[in-house]
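K.L.:
next come a sequence and a model predicted from it.
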Amino acid sequence: MRVLRGHQVRVLVLAAVVVGLDQFTKALALQHMNPGEALPLLPGLLQRRLVFNTGAAFSLFTAATPLLGVVSLLVALGLVIWLLRSGPLRFWQGLGVAVLLGGAIGNGLDRWRLGTVVDFIELVPVQFPIFNVADVAINLAVLFLLLDLLRPHGTHQG
């Protein structure tokens, strides 16, 4: 049996934290909110509004839940396999992989268990799709991986 290395453990623990936070907040939304009901969170900025999304980001691929469930599973499996085969990760790279994995699993669990993704965070001042913690994590992953790509890497020449 293979022992996980430190960077792999850190990525998996952070991914688990993202999944836990995502599922916990969705459970609270389902328990304490009625569909479509708007409840202020940060007046003028954020409110809670429970909706169910059978599609992907920005409501793309509406009613494609089974296909998107498979995509979520494949993304998560691909990331775990890559992580287990990778060497040490740079800071932003590891952070990006962790939150991407957590977000993919969080929304994937909704698709497999509920047949839809639970969304409940709404931006008030702009017309923007309602989202959840997993969606925030996936968007942060893009930012973190972009930061990693923009930072200089490699060996020093001298």
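P.N.:
Looks like it arrived, so ask away.
K.L.:
which residues does the residue most central in space within the chain contact?
P.N.:
In the chain, the residue lying closest to the centroid (CA atoms, centre = their mean) is G103, at 1.8 Å. Counting by CB atoms under 8 Å, 6 or more residues apart in numbering, G103 touches V18, D22, A134, D135, V136, A137, I138, A141. Yep, even glycine has a C-beta here, placed from its N, CA and C like the rest.
K.L.:
biggest separation within these, which pair?
P.N.:
Farthest-apart pair in the contacts of G103 is D22 and A141; separation 13.1 Å (CB to CB).
K.L.:
rewinding a little: how about TSV for the contacts of G103, with distance to G96 added?
P.N.:
Converted to TSV, those look like this (distance: CB to CB, whole Å):
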residue	distance to G96
V18	12
D22	17
A134	15
D135	15
V136	13
A137	10
I138	10
A141	5
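K.L.:
of those - the most surrounded one?
P.N.:
A134 (29 neighbours; other CB atoms under 10 Å).
K.L.:
on that earlier part again, could you report the distance from the residue nearest to the centre of the chain to H32?
P.N.:
Note on G103: its distance to H32, by CB to CB, to the nearest Å, is 23 Å.
K.L.:
lovely, talk soon.
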